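J.: Here is a sequence with its predicted model. Questions after.
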Amino acid sequence: MTTQVPYRPVPVDQSDVRYAHGPDSVVQSGVPAGETIEFDWRDSTTYPGTSRRFWVHVPAMYDPSEPAALMVFQDGQWYLDPEGEVRGGIVLDNLIHGGDIPVVIGVFVDPGVFEDVADAHDRKNRNVEYDAAALAEAGYDFRLVLGDGGHSPNHGGVLLPDALRWLWR
């Protein structure tokens, strides 16, 4: 089935575009919250000299006697912050509780930083870690969703519930 969308000219300046979060991105009454545990990782063999933090979000519905799925999120702290734009733990808890996705343990990994480098910009290893090997070239099943405005955590956060439903279809 094809949906026809009327033409609307795109405004030249889209810096003020902001998307509203849906109900899957807010704490829901009756949905048990998972537990999030923080870790430090300082022994990377792939990116020597870097350190990073990561968090593991274990849903309340996780049963250790049953297999669970694992999903890794880059930009960990941005994607996990319950007051932020993405709210990954809240979305996982809501979608698992609602039966939209299986029980998924989320691993939220921050990009590496070089602690021995003084300049804050040069300390970051994000571009090296995240921008190498395109998904299409690697043969991954992926979906690109564009919107108005810039590349932002708000846009990604609002799309996260539907993206997870698509992924676990």
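T.: Cool, got the structure. Residues are numbered from 1 along each chain as shown.
J.: Next secondary structure after the longest strand along the chain?
T.: Longest strand in the chain by number of residues (criterion: DSSP state E): strand 50-58. Counting by DSSP states H and E, the next helix or strand C-terminal to strand 50-58 is strand 69-74.
J.: Pairing partners for that following strand, with directions?
T.: strand 104-109 (parallel) (DSSP bridges).
J.: Quick one: distance of the strand it pairs with to the chain centre.
T.: Computed by CA atoms, centre = their mean, to the nearest Å, the chain-centroid distance of strand 104-109 equals 9 Å.
J.: picking up where we left off before, what lies in contact with the longest strand of the chain?
T.: For strand 50-58, contacts defined as CB atoms under 8 Å, 6 or more residues apart in numbering pick out 34-42, 44, 76-77, 80, 88-89, 92, 105-115, 125. Heads up, the C-betas are built off the backbone N, CA and C, glycines and all.
J.: Filter these down to the buried ones and hand me the PyMOL line.
T.: In PyMOL, a selection of the buried entries from the contacts of strand 50-58 looks like this (16 or more other CB atoms under 10 Å):
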select buried, resi 34+76+80+88+89+92+105+106+108+109+110+111+112+113+114+125
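J.: residue ranges with poor pLDDT in this structure?
T.: 11, 131-132, 134-135, 137-138 (pLDDT under 70).
J.: What segments of it are helices?
T.: 76-80, 88-97, 120-123, 126-130, 153-167 (DSSP state H).
J.: so of those, which one's packed in deepest?
T.: Mean neighbours per residue, mean count of other CB atoms under 10 Å, is largest over those for helix 88-97, with a mean of 23.
J.: Mind giving me the packing neighbours of it?
T.: Helix 88-97 is packed against strand 50-58, helix 76-80, strand 104-109, helix 153-167, with contacts defined by 3 or more CB pairs under 8 Å, 6 or more residues apart in numbering; DSSP states H and E.
J.: again, only using 6 Å
T.: helix 76-80, strand 104-109, helix 153-167 (3 or more CB pairs under 6 Å, 6 or more residues apart in numbering; DSSP states H and E).
J.: Done for today, thanks.
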